[in-house]
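Visitor: quick check, what structure comes out for this input:
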Amino acid sequence: MKTNYFVNIVLLISFMICWVSSDSNAETNLQKKTRTRLKAYYEKQSNNEKKILIVLFKGSGKSMAGIQNAEVLLSTFNLDEEIYLASVYTDSNGEAVLIIAPGFKFSTDEKGYIAIQATYIGNDSLAASKKQIKFIDLNVDVSFKVIDSVNQVIVSSYKIDSVGDKIPVEGVKLNIGVERLYSTLYLQKIETGKDGTANMEFPDDIPGDSTGIINVIVKLMEHRTYGTITKSGEINWGTIIDHPNILSSRSLFGDQAPLWMTITIFIILTGAWFNFILAITKVLKIKKLDPEQIDHRKDITKL
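Guide: Below is the predicted model of the structure:
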């Protein structure tokens, strides 16, 4: 009896050791996976296309880095049903972009929000992660009018309800600017009123192209509810500037070299050709010399 008792005790202890070691091995495997993070941003572009930007990172703190060539699943929701949208793959910076056509119809919740969920399923070394963003589809229109000889930029913001009616949106702060060569020059920030509209007196000293055309940019910057929205429109309110044709002028980047460079190259080439012709002349004179004179000269050199 005592033998059986001791055997049972040994078996029980062995089982507990195996169970604890298996749990510790499983925990160790979980700890080996690197933490990942997903970020998602929404932007409505000037042509009404919706842009979803996904950024996938691994690590934490200063060791964070983008995950390259990772598949991220994007989906939306209709009530409690998850609807697959597309799969995107990250670039070398861990970024991926999904462009949604203007005619695509999203399902919304009772408050009018659209939900987009990004999912990274992970792998043996990277942990899985999810990110969901919600936004309301806000529309922004820009128009131009001359009121009492003053140029006015008129902006309207509104939502479309379930029956297709426009609902003005109050309190939307929009940046008004003009497109420059490498960036946007912002002029003023305006806020929509109860009717969803706002206007700005446009300055008359903004440079345009050769016909005075300028591209006016209206932008809502990273709003919590509406995301980022960009709208643009062209108008001939710019100051006409006659840009000279720099390619036809004498310049380093034009069709004709500067005069000082032409003269310098001419002098250098003239000197080179002069020395070349002089060297040939000396060689020909040496060949015409009498061999006796050459030997005599050698004898004189020896003396």
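
Visitor: hang on, Gln132 packs against Ile116?
Guide: Yes: the pair Gln132 / Ile116 is scored as a contact, 7.0 Å apart, by C-beta atoms under 8 Å. Where you see a C-beta, it was placed from the backbone N, CA and C, and this is true even at glycine.

Visitor: between the two, which one's more packed in?
Guide: Per other C-beta atoms under 10 Å, whichever of Gln132 and Ile116 has more neighbours is Ile116, with 22 against 14.

Visitor: state the mean pLDDT of stretch 164-175.
Guide: Average pLDDT, stretch 164-175: 91.

Visitor: just the CA coordinates for that stretch, please, in CSV.
Guide: The C-alpha coordinates for stretch 164-175 follow below in CSV (Å, rounded to 0.1, in the frame of the first residue of the first chain):
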residue,chain,number,x,y,z
GLY,A,164,-30.8,62.5,-50.4
ASP,A,165,-31.5,65.9,-48.8
LYS,A,166,-28.7,68.3,-47.9
ILE,A,167,-28.3,69.1,-44.3
PRO,A,168,-26.1,72.2,-43.6
VAL,A,169,-23.3,71.7,-41.1
GLU,A,170,-22.4,74.6,-38.8
GLY,A,171,-19.1,75.3,-37.1
VAL,A,172,-16.8,73.8,-39.7
LYS,A,173,-13.4,75.6,-39.7
LEU,A,174,-11.9,75.6,-43.2
ASN,A,175,-8.5,76.8,-44.4
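
Visitor: ok, and for it, which residues are buried?
Guide: Using 16 or more other C-beta atoms under 10 Å as the test for burial, stretch 164-175 gives Val169, Val172, Leu174, Asn175.

Visitor: could you do stretch 220-229 as well?
Guide: Using 16+ other C-beta under 10 Å as the test for burial, stretch 220-229 gives Leu220, Tyr226, Gly227, Thr228, Ile229.

Visitor: in JSON lines: these, plus distance to Val142 and pLDDT.
Guide: Shown next, in JSON lines, are the buried residues of stretch 220-229 (distance: C-beta to C-beta, whole Å; pLDDT from 0 to 100):
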{"residue": "Leu220", "distance to Val142": "12", "pLDDT": "94"}
{"residue": "Tyr226", "distance to Val142": "16", "pLDDT": "94"}
{"residue": "Gly227", "distance to Val142": "18", "pLDDT": "93"}
{"residue": "Thr228", "distance to Val142": "16", "pLDDT": "94"}
{"residue": "Ile229", "distance to Val142": "11", "pLDDT": "95"}
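
Visitor: which one of those is nearest to Ile160?
Guide: Ile160 has its nearest neighbour among the buried residues of stretch 220-229 in Tyr226, at 13.3 Å by C-beta to C-beta.

Visitor: leaving out sequence neighbours, find the closest residue to the closest one.
Guide: Leu138 (4.2 Å; C-beta to C-beta, 6 or more residues apart in numbering).

Visitor: contacting residues around that neighbour?
Guide: Lys44, Ser157, Tyr158, Lys159, Val169, Val172, Leu220, Thr225, Tyr226, Ile229 (C-beta atoms under 8 Å, 6 or more residues apart in numbering).

Visitor: which other helices and strands does the helix or strand containing the last one contact?
Guide: So the one you mean is Ile229. Using DSSP states H and E, Ile229 sits within strand 227-235. Packing partners of strand 227-235 (3 or more C-beta pairs under 8 Å, 6 or more residues apart in numbering; DSSP states H and E): strand 36-44, strand 139-147, strand 214-223.

Visitor: great, nothing more from me.
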